[in-house]
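Q: Curious how this folds, go ahead:
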Amino acid sequence: MIRVYRYGLRRPTTNADLVDDQMRLGNRYYNRLIEIECARRDAIREAMADNDRRHGLSDAIARHARLDEQYNAAKEALKAKRSRARCRVDTARACGRPRSPCTAQQSCG
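A: Okay, here's the model as predicted:
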């Protein structure tokens, strides 16, 4: 004997108006919750923006960006200086080859 199970709901034969009303109310409830959440987020954004303006946070962020650029420029300059210093090491004498000046295009090894 084989049993076949069917799951799900059939269309309501009674109280169809009550089901429609409950579905509509459920959607209204969900939409109202979304409105409340959006208003909460807007209030938080406004409070944070007001706080930023009051404490000059935007100036601090801009200053941090400038300092970060200066740091990166100094780091790149130091990296280039160290690269040039590595290029001046005379490895050619150790190999018995004649010494040739390093250029940016050739390797220094």
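
Q: need the strands for the chain, in chain order.
A: Taking DSSP state E, the chain contains no strands at all.

Q: can you list the weak-confidence ranges in it?
A: By pLDDT under 70, the low-scoring segments of the chain are 12, 87-109.

Q: for it, which helix is longest?
A: Ranked by number of residues, the top helix in the chain under DSSP state H is helix 16-55.

Q: how much distance is there from that helix to the middle of the chain?
A: Centroid separation for helix 16-55 versus its chain: 26 Å, with Cα atoms, centre = their mean, to the nearest Å.

Q: Equivalent analysis for stretch 55-68, please.
A: Relative to the chain's own centre, stretch 55-68 is displaced by 19 Å; criterion: Cα atoms, centre = their mean.

Q: Report the buried residues of it.
A: Within stretch 55-68, no residue qualifies as buried by neighbour count (16 or more other Cβ atoms under 10 Å). (Glycine included, C-beta is placed from N, CA and C.)

Q: Can I get it in PDB, CA atoms only?
A: Provided in PDB are the C-alpha atoms of stretch 55-68 (Å, rounded to 0.1, in the frame of the first residue of the first chain):
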ATOM      1  CA  HIS A  55      32.800  68.400  18.100                       C
ATOM      2  CA  GLY A  56      34.400  69.200  14.800                       C
ATOM      3  CA  LEU A  57      34.700  65.600  13.800                       C
ATOM      4  CA  SER A  58      34.700  66.400  10.100                       C
ATOM      5  CA  ASP A  59      37.800  68.500  10.600                       C
ATOM      6  CA  ALA A  60      39.500  65.700  12.400                       C
ATOM      7  CA  ILE A  61      38.700  63.300   9.600                       C
ATOM      8  CA  ALA A  62      40.100  65.700   7.000                       C
ATOM      9  CA  ARG A  63      43.200  66.100   9.100                       C
ATOM     10  CA  HIS A  64      43.600  62.400   9.400                       C
ATOM     11  CA  ALA A  65      43.300  62.000   5.600                       C
ATOM     12  CA  ARG A  66      46.000  64.600   5.100                       C
ATOM     13  CA  LEU A  67      48.300  63.000   7.700                       C
ATOM     14  CA  ASP A  68      47.700  59.600   6.100                       C
END
